[in-house]
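A.B. asks: build the 3D model from these lines:
(one chain, ligands or ions: 2)
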Amino acid sequence: MSTSLKGVCFWSVTKFLTRVGKCISEPPYALIILNQPISRRNNVFHTLWENANLKICADGGGNQLYEAFEGTDKQQMYIPHYIRGDLDSLRDDVKDFYISKGAEVERDPDQNSTDFMKCIELVRRKERESSVKHEIVALGTFGGRVDQAMSNIHYLYKLKNERRIYLLSDQNMTILLDKGKHQIHCNQAIEGPSCGIIPIGIERAIVTTTGLEWNLTNSSTSFGEMISTSNHLTNDIVMIETDSPILWTVELKI
Ligand SMILES: Nc1ncnc2c1ncn2[C@@H]1O[C@H](COP(=O)(O)OP(=O)(O)OP(=O)(O)O)[C@@H](O)[C@H]1O
Ligand SMILES: Cc1ncc(C[n+]2csc(CCO)c2C)c(N)n1
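C.D. replies: Ligands and ions are numbered 1, 2, ... in the order given. Next up, the predicted model:
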């Protein structure tokens, strides 16, 4: 599943933000827009949108897309392939607008899964039809509600053996690094300086890093003991070795 060579997993969290045109050497990705405001400052939205193979709004994410470009020509440009969820948040006028422009709106009333998960299930379904495997970039993953933010992180763990999921928020990209060795290519023009290694969802991790201002060397990290936040990138290549899954989160200058 991972891009790996000799047991090292290679990552670039900003590859989505810097792509020019279709990049056939990279796996295709599905863009899932969650129910959080799409920043007007976020000038990478167009790049993310243009290069996504599949564009899906999670329920109220449809309202966010609509409102972000309301009153502009761009509203007509950004029509998702699907809006999916229990549809308790999607406005009727927004639903009608996107249906009239060709989007498919799917209601799934299940109250044991979030709208984000319902969208991931849709990606799985589309893959069964096309046999194309997607990475997932989720937009609007942190902000406002802590339960929702934790739920979004939970899916990184739930799907860690299935596919790569990148959680993008206004000022951060967050990924899950599974146990093992990771080489993270950082583009310091748009990434950093702040970053963090968060041992969430596990008892503790033993971590060794290079490329950071405060490197860890066989350091034990756990909540209540030590977690590495407000760390800084010092190199375009960050190496992280961990014996348990951890979150890597890095600030974006976008
Ligand atoms: N404040 C938030 N922070 C992070 N993610 C969010 C937030 N609000 C919504 N989301 C994400 O957007 C998706 C769609 O949001 P929406 O509000 O439509 O969801 P929902 O599942 O109906 O939520 P709920 O019923 O808990 O209010 C959610 O599944 C979640 O992944
Ligand atoms: C143990 C447990 N906790 C919370 C919910 C509620 N819930 C989880 S996802 C979801 C859908 C949101 O659109 C709702 C209502 C549940 N079902 N089971």
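A.B. asks: the spatially closest residue to residue 136 that is not a sequence neighbour: neighbouring residues, count only.
C.D. replies: Closest residue to residue 136 in three dimensions, ignoring its sequence neighbours and counting by C-beta to C-beta, 6 or more residues apart in numbering: residue 165, at 4.5 Å. Every residue, glycine included, has its C-beta placed from N, CA and C. Close neighbours of residue 165, defined as other C-beta atoms under 10 Å, add up to 26.
A.B. asks: repeat that for residue 78.
C.D. replies: Counted with other C-beta under 10 Å, residues neighbouring residue 78 total 21.
A.B. asks: spit out the contact partners of it.
C.D. replies: 49, 55, 65, 69 (C-beta atoms under 8 Å, 6 or more residues apart in numbering).
A.B. asks: and which of these is nearest to residue 252?
C.D. replies: Distances from the contacts of residue 78 to residue 252 were compared by C-beta to C-beta; the smallest belongs to residue 49, at 16.6 Å.
A.B. asks: from ligand 1, how far off is that closest one?
C.D. replies: Using C-beta to the nearest ligand atom, to the nearest Å, residue 49 is found at 17 Å from ligand 1.
A.B. asks: so where does that residue fall, helix or strand?
C.D. replies: Element membership for residue 49 (DSSP states H and E) is helix 45-51.
A.B. asks: near ligand 2, anything from the very next helix or strand once past that helix?
C.D. replies: Read in the C-terminal direction, the helix or strand following helix 45-51 is strand 54-58, with elements assigned using DSSP H and E. No - contact between strand 54-58 and ligand 2, assessed by C-beta under 6 Å from any ligand atom, is absent, since the two come no nearer than 9.2 Å.
A.B. asks: show me what strand 54-58 is packed against.
C.D. replies: If you count contacts as 3 or more C-beta pairs under 8 Å, 6 or more residues apart in numbering; DSSP states H and E, strand 54-58 packs onto strand 29-33, strand 82-85, helix 115-130.
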